[in-house]
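A.B. asks: Whatever this is, show me its structure:
(chains A and B)
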Amino acid sequence: DTGVSQNPRHKITKRGQNVTFRCDPISEHNRLYWYRQTLGQGPEFLTYFQNEAQLEKSRLLSDRFSAERPKGSFSTLEIQRTEQGDSAMYLCASSRSDRRGWETQYFGPGTRLLVL
Amino acid sequence: AQSVTQLGSHVSVSEGALVLLRCNYSSSVPPYLFWYVQYPNQGLQLLLKYTTGATLVKGINGFEAEFKKSETSFHLTKPSAHMSDAAEYFCAVTAGGGNNRLAFGKGNQVVVIP
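C.D. replies: Model (predicted):
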């Protein structure tokens, strides 16, 4: 169990550019979540996958955001035409649900995005 | 929908003193409750969780929390603060079952005074 990994750890970009982040979950975890955390706030849910299916998206996830999880393994989160308001820490978490639907989410170290 | 309230964004505690972080939740179904800790520039680490059963839950680093349904609370405590406890602490709630997205509170930044 090597934990959840995220790359890159830091990203600085200019407004209007596209960025892509990657998350590698704990192996055999069937669920993967993306959260966004702004300064002084708790993380906010963006979207989640069960295996390769994206099952829910938050209203926070505008049409500039897209997430994928091909083959149900790693996931990518892309932001197109970045805006300064996109500056935040993007956190990925993975979990494996048991028969009763209980699960514990394990978080990666996050990708800190700064849009200039 | 689930939500969490954590009052007092910054909490100062003397080394060796009791740490008490308050968490109140709102949930339309029986909640699953979590406390996570976040060190600077790192992700969230699970401290402890409550799903069902015993209402007093023990976690890592000497922390524990008690689920009180009548008070809709899940306060986090540690009898004696260490310098290494300086971090940000988040309470979170989820409904369980299908989408287990976590709803987090705003967090408590704990400062330990020598």
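A.B. asks: buried set for stretch A:29-47?
C.D. replies: A:29, A:31-37, A:42-47 (16 or more other CB atoms under 10 Å in any protein chain shown). Using the backbone N, CA and C atoms, a C-beta is placed for each residue, glycine as well.
A.B. asks: how far away is B:Asn24 from B:Val93?
C.D. replies: From B:Asn24 over to B:Val93 the distance is 10 Å, taken as CB to CB, to the nearest Å.
A.B. asks: And the two? Which one has more around it.
C.D. replies: B:Val93 (25 against 18; other CB atoms under 10 Å in any protein chain shown).
A.B. asks: which parts of chain B sit against chain A?
C.D. replies: Listed as neighbours of chain A in chain B under the rule CB under 8 Å from any CB of the partner chain: B:4, B:9, B:32, B:34, B:36, B:41-46, B:49, B:51, B:90, B:92, B:96-107.
A.B. asks: which ones among the buried residues of stretch A:29-47 are found in strands?
C.D. replies: Residues of the buried residues of stretch A:29-47 located in strands (DSSP state E): A:31-37, A:44-47.
A.B. asks: What is the most widely separated pair among the residues you listed?
C.D. replies: Farthest-apart pair in these is A:Arg31 and A:Gln37; separation 19.2 Å (CB to CB).
A.B. asks: near chain B too, which of the ones in strands among the buried residues of stretch A:29-47?
C.D. replies: Subset of those in contact with chain B: A:31, A:33, A:35, A:44-45, counting by CB under 8 Å from any CB.
A.B. asks: tell me the centre residue of chain B?
C.D. replies: Among the residues of chain B, the one closest to the centroid is B:Trp35, at 3.4 Å (CA atoms, centre = their mean).
A.B. asks: Am I right that that one sits in a strand?
C.D. replies: Yes - going by DSSP: H, G, I helix; E, B strand; the rest coil, the assignment for B:Trp35 places it inside a strand.
A.B. asks: Give me the helix or strand of chain A that scores worst on average pLDDT.
C.D. replies: Least confident helix or strand of chain A, by mean pLDDT, DSSP states H and E, is strand A:53-57 with a mean of 90.
A.B. asks: The closest residue to chain B within chain A: what's it in contact with?
C.D. replies: Nearest residue of chain A to chain B: A:Gly42, at 3.1 Å (CB to the nearest CB). Residues near A:Gly42 by CB atoms under 8 Å, 6 or more residues apart in numbering or on different chains: B:4, B:90, B:92, B:104-107.
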